[in-house]
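Peer 1: Below: sequence and its predicted model.
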Amino acid sequence: MKKEDKEKKQEIKNEAKNSKRQAKEASKKAEKAARENIIKEKEKYEHKIETLKSDRKAAKDKEDKKVIKKEIKKLKKERNEIGKKDTYLGDVKKEMRMVRWPSFKEVFKYSLASLIFILFFALFFYGIDALFALVKGLIG
């Protein structure tokens with residue numbers, strides 16, 4: 001009986017090793033496929049960029065050249081983002097670039113509006129408090 005138990009345990013261990021090996025192989029295949037997809041995607045961008053560069057050389061108008069140059073820059077940026085892993089700090093940096101910060105004029109305007117709002121309600125509640133004190137003094 002002990003011999004059978006040992007054999008069963010050995011079989012289970014062998015199956016576990018085989019499944020780990022298969023999982024590693026599958027993982028490697030998936031990584032390889034992902035890398036190949038990234039390369040293909042980058043090649044597509046390269047082709048687009050090369051096409052635009054030739055269009056830029058052929059363009060005679062300065063405005064057209066500027067537009068094409070901006071488009072090339074945008075495509076290069078997109079190409080460089082392919083395959084990059086997102087990190088928390090990288091995402092924070094991206095979000096901070098999208099923030100529209102107020103100008104000094106806007107900050108001043110909204111601060112002044114807030115102070116006026118606070119002053120108005122302070123005087124309002126002071127007036128109500130004084131009114132209640134006057135009524136209480138007349139009654140009491």
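Peer 2: Okay, I see it. Residues are numbered from 1 along each chain as shown.
Peer 1: can we go C-alpha only for contacts and neighbour counts from here?
Peer 2: OK.
Peer 1: so where do the helices sit in the chain?
Peer 2: 2-58, 62-81, 88-98, 104-139 (DSSP state H).
Peer 1: Make TSV out of those helices and add mean pLDDT.
Peer 2: Listed next are the helices of the chain as TSV, based on pLDDT from 0 to 100:
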stretch	mean pLDDT
helix 2-58	83
helix 62-81	85
helix 88-98	88
helix 104-139	96
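Peer 1: Pick out the residue closest to the middle of this protein.
Peer 2: residue 91 (4.1 Å; CA atoms, centre = their mean).
Peer 1: do you know how far that one is from residue 84?
Peer 2: 12 Å (CA to CA, to the nearest Å).
Peer 1: Isn't residue 56 up against residue 71?
Peer 2: No: using CA atoms under 8 Å, residue 56 is not in contact with residue 71; the gap is 10.5 Å.
Peer 1: Looking at these two, which is more packed in?
Peer 2: Set residue 56 next to residue 71 and count neighbours by other CA atoms under 10 Å: residue 56 wins out with 19 against 14.
Peer 1: Could you measure from the more buried one over to residue 62?
Peer 2: 10 Å.
Peer 1: Would you mind measuring the gap between the ends of stretch 55-69?
Peer 2: Start and end residues of stretch 55-69 are separated by 10 Å (CA to CA).
Peer 1: centre of the chain versus that stretch, how much separation?
Peer 2: Distance of stretch 55-69 from its chain centroid, counting by CA atoms, centre = their mean, to the nearest Å, is 32 Å.
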